[in-house]
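S.K.: sequence first, then the predicted structure, then my questions.
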Amino acid sequence: MKPVKRSKIEIAKKPRGVEGPGFFAGKLEEIVGLARANSLWPLPFATSCCGIEFMATMASTYDLARFGSERLSFSPRQADLLMVMGTIAKKLGPVLRQVYEQMAEPKWVLSVGACASSGGIFDTYSVLQGIDRIIPVDVYVPGCPPRPEQIIEGILKIQELAKNESLRRRESPEYKEMLNSYGIE
Ligand code: SF4
C-alpha cells in the first residue's frame, strides 16, 4: 500500500492582534483584507484557448478551490475578480467594459495570456491590443497559453493586493483619477 502523502496546504496566517480565550482583536483593515483575499469570486471571461487552461486550473489536479476561489460567478454583480482569458476582438470590447462596470467595488482584474494582455500574435485591425486599453488591469499573466501554475501565481498576486489594500483606497483621489482616465466614473 502506498504511503499517504501529507498535504502541503497551509492555513492562512491570521493578522497581527491581541488574543485570549474566546477573543481576538486586530486591525479591521487586516481582517477584512484576509477575508477578501481568501474568498475571491472570479468571473471567467474566457473567449479562446487560454480559457481551456483556466478549466484545467479549476479541475482536480490544480484545484483553485484550495485558494478559496472555487465559486465562479457568471454574473458581474456577484464577482470581485474579473479574469480575462483569450483574444478580445474590438467588437467585444464594449461588452467586456460593461461587465467590468457592473462589478461592485472592490474588484480586481487579472489579464491571462498574451492575447488579453497585448493582443498576442493577433496584430490585426480587428483585435484589441490589450484589455488595458479599455479597463484597468491589476495583474498580467504572460504566456501563450500560460500554464495553470502561472494562472495560480496570478491569483496569488491578486490575493496579495487584496490582503494589503487600504480600505480607503477605492475612495482615494488617485483611484478616482485612474478610473477617470478610462472614462469611468
Ligand atoms: S494567448 Fe495564446 S493560448 Fe491564449 S488565447 Fe491567445 S493564442 Fe490562445
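M.R.: Thanks, I have the structure now.
S.K.: contacts for the longest helix seen in the chain, please.
M.R.: Ordering each helix of the chain by length in residues (DSSP state H) puts helix 148-164 first. Residues from elsewhere that reach helix 148-164, judged by C-beta atoms under 8 Å, 6 or more residues apart in numbering: 30, 33-34, 36-38, 40, 42, 53-54, 56-57, 61-62, 64, 67, 69, 81, 106, 108, 110, 112, 138-143, 146. All C-beta atoms are positioned from the backbone trio N, CA, C, and that covers glycine.
S.K.: swap in stretch 117-127?
M.R.: Applying C-beta under 8 Å, 6+ apart, the set of residues contacting stretch 117-127 from outside is 87-91, 111, 113-115, 128-132, 137, 140-142, 144.
S.K.: shaky segments in this structure?
M.R.: 1-2, 4, 7-9 (pLDDT under 70).
S.K.: pull up the residues of it that are close to the ligand.
M.R.: Near the ligand, the residues belonging to the chain are 48-50, 86-87, 113-115, 120, 144-145 when assessed by C-beta under 6 Å from any ligand atom.
S.K.: just the buried ones from those residues?
M.R.: 48-50, 86-87, 113-115, 120, 145 (16 or more other C-beta atoms under 10 Å).
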